[in-house]
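> Mind looking at a prediction? Sequence and model below.
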Amino acid sequence: MSKLLESNALHTAAPAISISHLNHYYGQGALKKQILFDVNLHIDRGEIIIMTGPSGSGKTTLLTLMGSLRSVQEGHLSILGQALHHATKAQMTLARRKIGYIFQAHNLLNFLTAYQNVEMALELQEITAAEADTRIRTVLSAVGLADRMDYYPSDLSGGQKQRVAIARALVSQPKIILADEPTAALDKQSGRDVVEIMEKLAREQGCTILLVTHDNRILDLADRIIYMEDGRLVNHAATAIAQ
Ligand SMILES: Nc1ncnc2c1ncn2[C@@H]1O[C@H](COP(=O)(O)OP(=O)(O)OP(=O)(O)O)[C@@H](O)[C@H]1O
């Protein structure tokens, strides 16, 4: 095998997310406070993981580190084989392009329609306008919004807005989706619906999902549940489900 093929094969085989001995701190000097303590986590490609745990335990901090939205301070973290410790700004930007983000406040732009909000996520992709149009229509139909593409966010329900956010995260066919409390503002049925849609589309695209939630009603949708407590990942799945 040529060196290039070998390195490509290694890259393909790399786990979606690999974290070892990760620590994180906020503040400086006397105010410096450790938030994450020796976090170790390996997530395979295609896995659907739910992370749960008490408020303030460090879940969002860990998610933003994985999402290359914050610099790694101590320890090892790699995304699809790309190490993020000591990564340059350009390398962090490159990592972010492989990730779809879905947040509780769906961050849709109110002056753009559902279609245009999804379209924005394709701006940096090197694809033709026709292909972009097909992808946007396909993904909006997949989330059940075929007849709402030209609606503005203000004319959509909370669940529909969250489905636009899912479509926007998936349209660029990212290898990893990071979702922070995607069901928080939704009623039980809409919450399950949006996660089921995410799960189905991600399975079709072979994409890895890491979803942070307090919502015990969706825990059964995960392949694996991880539990964060006081900045540490603890093997606590049974307790989390029983709560
Ligand atoms: N930018 C920041 N500067 C200083 N401290 C922060 C910052 N962001 C978060 N923290 C603190 O870090 C700790 C972990 O916060 P984080 O948001 O990661 O927890 P969480 O588990 O996601 O909480 P929640 O479930 O309430 O969203 C908390 O004590 C929080 O107050």
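Done, it's in. Fair warning: this is a prediction, and the values are worked out from it, not measured in the lab.

> So what touches stretch 180-199?
48, 59-60, 63, 102-104, 142-144, 157-159, 162-163, 165-166, 170, 177, 179, 209, 211-215, 217-218, 221 (Cβ atoms under 8 Å, 6 or more residues apart in numbering). Bear in mind the C-beta positions are built from the backbone N, C-alpha and C, glycine included.

> Give me the buried stretch members for it, please.
Across stretch 180-199, burial judged by 16 or more other Cβ atoms under 10 Å covers 180-184, 186, 190-195, 197-199.

> Close to the ligand as well: tell me which of the contacts of stretch 180-199 qualify.
Counting by Cβ under 6 Å from any ligand atom, 59, 60 from the contacts of stretch 180-199 sit close to the ligand.

> Among the contacts of stretch 180-199, which lie within helices?
Of the contacts of stretch 180-199, the ones assigned to helices by DSSP state H are 59, 60, 63, 142, 158, 159, 162, 163, 165, 166, 170.

> For residue 205, list the residues it contacts.
Listed by Cβ under 8 Å, 6+ apart, the contact partners of residue 205 are 170, 173.

> Residue 47: neighbour count?
Other residues within reach of residue 47, judged by other Cβ atoms under 10 Å, total 18.

> Hmm, residue 206 and it touching each other?
No - at 10.6 Å, residue 47 and residue 206 do not qualify as touching, with contact defined as Cβ atoms under 8 Å.

> just for this protein, where's the confidence low?
1-13, 105-106, 236-243 (pLDDT under 70).

> which of the ones in helices among the contacts of stretch 180-199 has the most neighbours?
Counting neighbours by other Cβ under 10 Å, residue 162 leads those with 30 neighbours.

> what helix or strand does the nearest residue to that residue once chain neighbours are set aside sit in?
Counting by Cβ to Cβ, 6 or more residues apart in numbering, residue 194 is the residue found nearest to residue 162 once chain neighbours are left out, at 5.0 Å. Element membership for residue 194, per DSSP states H and E: helix 188-205.
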